[in-house]
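> Got a sequence here, can you build the structure:
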Amino acid sequence: METQPFTDMLTSRYVYMMEQLAKGTDYITDPLGDEMYLMFRKNWQTNYERVLINAQRQRAYDISDADGNLLFLTKEDVNFEGISHLKNIDNAYDLKAVWDFEIGFFTDDIALVRWQLYPDGHRLNDSGLDFHDNAETSIYAYIDKCLLLQTRFTDMHLPEQQKIYRKEVKRMRMFSPTAMKKRLFPW
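Below you'll find the predicted structure:
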């Protein structure tokens, strides 16, 4: 249950973001279905501010600040044991999203989030002289329309894994919707 000051803050942030859109400022809106939107800056390569908009509830939830610090996560929200086999996961320990942070379409009030920890492609090594071909590193979680995690961020890059997690989230929400809001489930 949201407290009144918290609700007022979310509503004020929503009003501010809608004013920014009306003024034609440098925000881009990405529709996510079911009256949900992701707002981010046009210069997203240098300003990593992201906001989840729930138009139905008239709420705005800050995802990350301009420096890419994820504002809705703690380290307990990342399954470090489940991602220990992945390479280049420093951004997970730092809770930073300076590459892609994508939210899929909302279905049944939940959406899959892909947090890219490291991009693919060629990168200079420390000496700056030669290139290394690095594979992309991304981790995933499910969120609800209030930006509450329904699973911890973990490695679920295969569609079969995503289906299993989605099915489990839907099952748990059906039997205990209040438990999901309290993040009682370890996965």
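
> In this protein, which helix is the longest?
Counting by DSSP state H, the longest helix found in the chain is helix 4-23.

> Could you list the paired strands of the helix or strand following that one along with their orientation?
Downstream of helix 4-23, the next assigned helix or strand under DSSP states H and E is strand 27-33. Partner strands and pairing direction for strand 27-33 (DSSP bridges) are strand 36-41 (antiparallel).

> What pairs with the helix or strand that the partner strand is followed by, parallel or antiparallel?
Note on strand 36-41: by DSSP H and E, the next helix or strand toward the C-terminus is strand 50-54. Note on strand 50-54: by DSSP bridges, its sheet partners are strand 36-41 (antiparallel), strand 59-64 (antiparallel).

> Helix 4-23 and strand 50-54, what's the angle between them?
In terms of direction (axes from the mean of the first three to the mean of the last three C-alpha atoms, to 10 degrees), strand 50-54 departs from helix 4-23 by 100 degrees.

> Next, the buried residues of strand 50-54.
50-54 (16 or more other C-beta atoms under 10 Å). No exception for glycine: its C-beta is placed from N, CA and C like everyone else's.

> CA atoms only for that strand, dumped as PDB, please.
This file holds the C-alpha atoms of strand 50-54, laid out as PDB (Å, rounded to 0.1, in the frame of the first residue of the first chain):
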ATOM      1  CA  ARG A  50      14.900   6.600 -17.500                       C
ATOM      2  CA  VAL A  51      11.400   6.800 -16.100                       C
ATOM      3  CA  LEU A  52       8.500   4.300 -16.200                       C
ATOM      4  CA  ILE A  53       5.200   6.000 -16.800                       C
ATOM      5  CA  ASN A  54       1.900   4.300 -15.700                       C
END
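
> how close does residue 153 sit to residue 8?
Separation of residue 153 from residue 8 (C-beta to C-beta, to the nearest Å): 29 Å.

> and these two? which has more neighbours close in?
residue 153 (25 against 11; other C-beta atoms under 10 Å).

> Output the below-cut-off pLDDT ranges for this structure.
The model of the chain has pLDDT under 70 over residues 1-6, 121-133, 176-187.

> What is the three-state secondary structure of the residue positioned nearest the centre of it?
For the chain, the residue nearest the mean C-alpha position is residue 113 (5.1 Å; C-alpha atoms, centre = their mean). Counting by DSSP: H, G, I helix; E, B strand; the rest coil, the backbone at residue 113 sits in strand.

> ok, it touching residue 143?
Yes - here residue 113 reaches residue 143: they are 5.6 Å apart, a contact under C-beta atoms under 8 Å.

> what touches both of those two?
residue 103 (C-beta atoms under 8 Å, 6 or more residues apart in numbering).
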